[in-house]
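Asks: Sequence isn't available, so here's the structure alone:
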């Protein structure tokens, strides 16, 4: 019998994609996937290091698997940690978790079959976090998406120096894939039933390969990729160009939804973060986007309690939220990441103050989000059905082109259906809709967006 593996994934869409790549590499080497970590011979946790506490959470999870595996099987699974925590912490993880067998960095996944064999036949943990600034995993197999949406990486790494961010250390320098390789991968996914792809990069709209920039890549994927919907994340405000806005407006396959990280509404905080833009520049980009696409869906990231943040800085962030009126946001209290410049800053904000500010930011944005959702009631939209609702299996879940989440009655609907709907109710993060008419049966991916 082939040895079995199980992967648990934490963090961003890039980690989800990396797990699919690792799964493909292991299957090619003769391993078989297992749905239950306690029945697998190899258990890998793919980790995210963006926020504090990630290391503790994943090590606690691995320790629980380790103990339960011995109890249930009478033997121990090989336990490995991969991803950004592995890359950032390396050997330190072994001291904290002696039950670990393998720690593998973000550029070493192609070597996993060999590393697993070596880890099986040696005492102690094997750690390999050797960086490879050229690695893009081009040509490696991947586990294909199990639904009608999928991720395609167009670039890896980041060359920015945001003072709070550990990604340049865990993902390495920025490198962009060749356009033809991206289009070929999108076309392959389309042939397997995927009708919406999300193009990924740490700052995806900064993509450049030779003379090809991101807007041109978007147009090429739309023309040659064979998918109905194209999204991308996460863009950086500095690269929201006129060409990108024009491409989003004029290319039917490119969805009018954008996750644009603001981080702070304070000019002084943005300078200490080294984000490279001012609040006024961010506001101008939002104005240009909405002038071109009035119904565009906009979401963002907000960090509160950054070192040196004052009450006035916090109020500036609240004012930006009220002025821009994002549809939703990911909101966090700042957590220092070892090895970043911000972790060395001395003018820290107390945990109590940071949590109080976070509550105020969440309350402000949640109120705005509910108002924006309720404004959709009575309007028509088009929803790509992704599958059954997690909360009610008799309903289906999908998204509008603007990336708003929608639930609707499931009678006669299948994943991949594209449905014209009317919005009938709205909640904090979800819309409820009724189909205007059941779509004619189609093959997944054949229906127009």
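Replies: Received it, and whenever you're ready, just let me know what you need. This structure is a prediction, so every number in the text was calculated from the model and none was measured.
Asks: So residue 64 belongs to a helix, correct?
Replies: Yes: counting by DSSP: H, G, I helix; E, B strand; the rest coil, residue 64 is found in a helix.
Asks: need the contact list for it.
Replies: By Cβ atoms under 8 Å, 6 or more residues apart in numbering, no residues touch residue 64. From N, CA and C alone the C-beta is placed, and that goes for glycine too.
Asks: Over to residue 10?
Replies: Taking Cβ under 8 Å, 6+ apart as the criterion, residue 10 is in contact with 45-48, 54, 57-58, 83.
Asks: With residue 144 instead?
Replies: Neighbouring residues of residue 144 by Cβ under 8 Å, 6+ apart: 20, 150, 189, 192.
Asks: what helix or strand does it sit in?
Replies: Residue 144 belongs to no helix or strand when assigned by DSSP states H and E.
Asks: Which pLDDT value does the model give it?
Replies: If you check residue 144, the pLDDT there is 86.
Asks: ok, now the one 4 residues further on?
Replies: Among the per-residue scores, residue 148 shows a pLDDT of 96.
Asks: Number of residues surrounding it?
Replies: Residue 148 sits with 26 neighbouring residues when counted by other Cβ atoms under 10 Å.
Asks: Equivalent analysis for residue 28, please.
Replies: Around residue 28 there are 11 residues (other Cβ under 10 Å).
Asks: what's it sitting at in phi/psi?
Replies: Dihedral angles of residue 28 (phi, psi; degrees, to the nearest 10) stand at phi -60, psi -30.
Asks: Contacts only, for it.
Replies: By Cβ under 8 Å, 6+ apart, the contact list for residue 28 reads residue 141.
Asks: That one and residue 112: what is the separation?
Replies: Noted for residue 28: a distance of 10 Å to residue 112, by Cβ to Cβ, to the nearest Å.
Asks: if we can go back for a sec, so which of the contacts of residue 10 sit within strands?
Replies: 45-47, 83 (DSSP state E).
Asks: Buried ones among those?
Replies: For those, a burial check counting by 16 or more other Cβ atoms under 10 Å picks out 45-47, 83.
Asks: circling back to that earlier point, pick out the most distant pair among the ones in strands among the contacts of residue 10.
Replies: Using Cβ to Cβ, the two most remote members of those are 45 and 83, lying 7.5 Å apart.
Asks: picking up where we left off before, would you list the contacts of residue 144 in a markdown table and tack on distance to residue 272 and secondary structure?
Replies: Shown next, in a markdown table, are the contacts of residue 144 (distance: Cβ to Cβ, whole Å; DSSP: H, G, I helix; E, B strand; the rest coil):
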| residue | distance to residue 272 | secondary structure |
| --- | --- | --- |
| 20 | 37 | helix |
| 150 | 37 | strand |
| 189 | 41 | helix |
| 192 | 46 | coil |
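Asks: what about the nearest residue to residue 392 once chain neighbours are set aside, distance to residue 148?
Replies: Using Cβ to Cβ, 6 or more residues apart in numbering and skipping the chain neighbours, the partner closest in space to residue 392 is residue 407 (7.4 Å). Residue 407 is 16 Å from residue 148, where distance means Cβ to Cβ.
Asks: helices or strands next to the helix or strand residue 315 falls within in the packing?
Replies: Per DSSP H and E, residue 315 falls inside helix 311-324. Other elements packing on helix 311-324 under the criterion 3 or more Cβ pairs under 8 Å, 6 or more residues apart in numbering; DSSP states H and E are helix 267-273, helix 279-292, strand 297-304, helix 351-374.
Asks: contacting residues around that helix?
Replies: Residues contacting helix 311-324 (Cβ under 8 Å, 6+ apart): 262, 264-269, 279, 282-283, 286, 298, 300, 302, 304, 329, 357, 360-361, 364-365, 368.
Asks: Wait, residue 128 touches residue 110, no?
Replies: No: using Cβ atoms under 8 Å, residue 128 is not in contact with residue 110; the gap is 11.2 Å.
Asks: which one of the buried ones among the ones in strands among the contacts of residue 10 is nearest residue 385?
Replies: Of those, the one sitting nearest to residue 385 (Cβ to Cβ) turns out to be residue 46, at 28.0 Å.
Asks: so who does the closest one touch?
Replies: Per Cβ under 8 Å, 6+ apart, neighbours of residue 46: 7-11, 15, 18-19, 22, 82-83.
Asks: ranking the residues you listed by neighbours, who comes first?
Replies: Ranking those using other Cβ under 10 Å puts residue 83 first, with 30 neighbours.
Asks: That one and residue 298: what is the separation?
Replies: Counting by Cβ to Cβ, the separation of residue 83 from residue 298 is 29 Å.
Asks: which SSE is residue 133 in?
Replies: Here residue 133 is assigned to no helix or strand, by DSSP H and E.
Asks: In contact with it: list those residues for me.
Replies: 157, 172-173, 175.
Asks: Would you agree residue 278 is in contact with residue 266?
Replies: No: using Cβ under 8 Å, residue 278 makes no contact with residue 266, being 10.0 Å away.
Asks: what about these two, which has more around it?
Replies: Between residue 278 and residue 266, counted using other Cβ under 10 Å, the more crowded position is residue 266 (23 against 13).
Asks: Near the residue nearest to that one when sequence neighbours are not counted, how many residues? Count them for me, please.
Replies: Nearest non-adjacent residue to residue 266, counting by Cβ to Cβ, 6+ apart: residue 313, 3.6 Å away. Residues contacting residue 313 under the criterion other Cβ under 10 Å number 22.
Asks: What are the buried residues along the lowest-mean-pLDDT helix or strand in the chain?
Replies: Using mean pLDDT, DSSP states H and E, the weakest-scoring helix or strand in the chain turns out to be helix 54-73, at a mean of 80. For helix 54-73, the neighbour count (16+ other Cβ under 10 Å) marks 54-55, 58-59, 61-62, 65-66, 69 as buried.
Asks: Output those residues as CSV; include the columns distance to residue 353.
Replies: Supplementary listing: those in CSV, determined by distance: Cβ to Cβ, whole Å:
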residue, distance to residue 353
54, 23
55, 25
58, 29
59, 29
61, 31
62, 34
65, 37
66, 39
69, 43
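Asks: And the residues you listed, which is closest to residue 333?
Replies: Among these, and counting by Cβ to Cβ, the member closest to residue 333 is residue 54, at 14.5 Å.
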